[in-house]
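In: Here is a sequence together with a model predicted from it:
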Amino acid sequence: MVRAGARCVSRGARAERYGLGAGPAAPAPQRPADTIDRMPSARATTDAARPRDRPRAAPRVLDALASRVRRRRLGLLQWLIATLVYAGIVLLLVTGVREGWMQASALRAWAGFVALVQLASYVALRSGWSERFRDPSLTAWQLSMGVVAVNWGYLICGPMRTSALFPLMVIFAFAAFALRWRQIALLTALAVASLVVAVALRTAYPHWVPAEGAVDPFRVDVNNVLMILVVLPALAVIAARLSGLRQKLRDQREALARALEEVERLAVSDELTGLPNRRSMQTLLDRSIALSARGVAPFCVAILDIDHFKTVNDELGHAAGDAVLREVGRLGHAELRATDVLGRWGGEEFLLVMPGSIDAATAALARIREAVTAGAYPSRRITLSAGIAVHRPGEDADALLARADRALYAAKRAGRDRVAAAEAIADA
């Protein structure tokens, strides 16, 4: 009864909440049977959610083991490669204990040393404690401990001791990857010195090592093959990493070369027209003056100006004005000789430097004006005015350009769409 009353009170509260009044509760809408069948159960919903949660666990575990810091992950990757190599060697040495060419006590001591070194390395790398050092990956220290472990293995491996030296290839591959040449030299000295010590200990204390005995040569070959199978995958990973770094460096060099080419191009070229810019033309003008002063190559300059260019911008828009500038540059360049250079001088002005006499320069200007008038803009007639001046002995660039500029304004005053020569103005 109490439960039934509670249900009635709950229904009444819901009715008042949604504005249904205190009247009888409206019957709940009935869902079609097929809709009910299609509704997922709570268990099905929970089961469907579980697979989405599972992938999140793997990254969390990976972050816990390998850290989210990229530098630490790279250091731990090198640590993992070394650990896998050590694990493969331990398996081979366990086989040696079973076959009698390895002492169990010697293996336990060697494996304990390796485990201690790897554990200390992992803790230092994972915690970030190693980042206070100049070598945050502890590469030099780990490789030095590897050299000690390899030569220790040489000491205890009896008739299989030659194959114990194979991991030195992995150690020096890591060294080439991460160490400077002085560190590699010191690591080499350590490897040679520790090997000499191992040989001396074998000679002075023969009871420390297992008796040589007779070993099947085939077994020696099998052991060598197995050791190579342990070492080569690690070398392959290191080689792949080095190859990736070389490719990255090659791509960066190519990108830098392209960027430098683009910077050089922008430094001497006008971005809109692609013609030489003012700085480039100024350099060319100075070089031409130097050659003319020695009597090598007399030359002329001409300043070209697009007539009524402001009207073109005002009536057709700046986009059309830019199109006109590009076409004038393209058409003008197409009409030049191989020795002539046309550049953008500023705004709607162009500078033309032409070796030779004024007659050849005047003919080149006539071709340019004709080409521009015929095709610079489809719906409007574009014309050019130009002032031309021949370089005089001893004249500097400013004086030469001033004479060409005066000739240009003379052409403008005479009605535009024409060429005026500075010499003719001076004579007049």
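Out: Structure received. All values reported here derive from a predicted model rather than from experimental measurement.
In: what helix or strand is residue 301 on?
Out: strand 299-306 (DSSP states H and E).
In: Return the set of residues that bridge with residue 344.
Out: residue 350 (DSSP bridges).
In: close enough to count as contact, residue 93 and residue 110?
Out: Yes. If you go by Cβ atoms under 8 Å, residue 93 and residue 110 touch, sitting 7.4 Å apart. For the C-beta atoms, the positions are set from N, CA and C on the backbone; glycine is no exception.
In: Give the residues shared as contacts by the two.
Out: Common contacts of residue 93 and residue 110 (Cβ atoms under 8 Å, 6 or more residues apart in numbering): residue 153.
In: Name the SS class of residue 385, please.
Out: strand (DSSP: H, G, I helix; E, B strand; the rest coil).
In: how about the nearest residue to it, chain neighbours excluded?
Out: residue 411 (4.3 Å; Cβ to Cβ, 6 or more residues apart in numbering).
In: again with residue 163
Out: Spatial nearest neighbour of residue 163, excluding adjacent residues (Cβ to Cβ, 6+ apart): residue 227 at 4.2 Å.
In: Pull the number of nearby residues for residue 94.
Out: 14 (other Cβ atoms under 10 Å).
In: rewinding a little: I'd like to know how far the residue nearest to residue 163 sits from residue 168.
Out: Distance of residue 227 to residue 168, given as Cβ to Cβ, to the nearest Å: 11 Å.
In: quick revisit: what's the local residue count around the residue nearest to residue 385?
Out: Other residues lying near residue 411 total 24 when counted by other Cβ under 10 Å.
In: same check, this time on residue 391
Out: Residue 391, neighbours per other Cβ under 10 Å, totals 24.
In: Just list the residues touching the nearest residue to it once chain neighbours are set aside, thanks.
Out: Ranked by Cβ to Cβ, 6+ apart and with sequence neighbours excluded, the top spatial neighbour of residue 391 is residue 292, at 5.1 Å. Residues counted as contacts of residue 292 (Cβ under 8 Å, 6+ apart) are 298, 299, 391, 393.
In: what's the angle between the one helix or strand residue 364 maps to and strand 299-306?
Out: Assigned by DSSP H and E, residue 364 belongs to helix 358-375. Here the directions of helix 358-375 and strand 299-306 differ by 20 degrees (axes from the mean of the first three to the mean of the last three Cα atoms, to 10 degrees).
In: Tell me the secondary structure at the residue nearest to residue 385.
Out: Criterion first, three-state DSSP; result for residue 411: helix.
In: Now do the same for it: its pLDDT.
Out: On pLDDT, residue 411 comes in at 95.
In: my guess is it meets residue 386, correct?
Out: Yes. The pair residue 411 / residue 386 is scored as a contact, 6.3 Å apart, by Cβ under 8 Å.
In: which residues are common contacts for these two?
Out: Shared contacts of residue 411 and residue 386, counting by Cβ under 8 Å, 6+ apart, come down to 418, 419, 420.
In: May I ask which of those residues has the most neighbours?
Out: residue 420 (23 neighbours).
In: which strands and helices sit next to the strand or helix carrying residue 115?
Out: Element membership of residue 115, judged by DSSP H and E, is helix 104-127. Applying 3 or more Cβ pairs under 8 Å, 6 or more residues apart in numbering; DSSP states H and E, one finds that helix 104-127 makes contact with helix 70-99, helix 139-156.
In: Reformat those helices into JSON lines and put mean pLDDT and distance to residue 342 next to each item.
Out: What follows is those, written out as JSON lines (pLDDT from 0 to 100; distance: least, Cβ to Cβ, whole Å):
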{"stretch": "helix 70-99", "mean pLDDT": "87", "distance to residue 342": "52"}
{"stretch": "helix 139-156", "mean pLDDT": "93", "distance to residue 342": "59"}
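In: which stretch among the ones you listed comes nearest residue 345?
Out: helix 70-99 (51.6 Å; Cβ to Cβ).
In: one step back: in contact with the residue nearest to residue 385, which residues?
Out: Contacts of residue 411 by Cβ under 8 Å, 6+ apart are 385, 386, 387, 418, 419, 420.
In: and which of those is nearest to residue 87?
Out: Of these, the one sitting nearest to residue 87 (Cβ to Cβ) turns out to be residue 386, at 83.1 Å.
In: Now do the contacts for the closest one.
Out: Per Cβ under 8 Å, 6+ apart, neighbours of residue 386: 302-305, 352, 365, 369, 407-408, 411, 418-420.
In: and if we set it to 10 Å?
Out: Residues near residue 386 by Cβ atoms under 10 Å, 6 or more residues apart in numbering: 302-305, 349-350, 352, 361-362, 365-366, 368-369, 404, 407-408, 411, 417-421.
In: ok, then the element right after the biggest helix by length in the chain?
Out: Of all the elements of type helix in the chain, the one with the most residues (DSSP state H) is helix 217-268. Going down the chain from helix 217-268, the next helix or strand is helix 278-293, by DSSP H and E.
In: got the angle for that next one vs strand 299-306?
Out: Using the same axes, to 10 degrees: helix 278-293 against strand 299-306 is 150 degrees.
In: re the thing from before, and the longest helix of the chain, what does it pack against?
Out: helix 70-99, helix 161-164, helix 168-178, helix 278-293 (3 or more Cβ pairs under 10 Å, 6 or more residues apart in numbering; DSSP states H and E).
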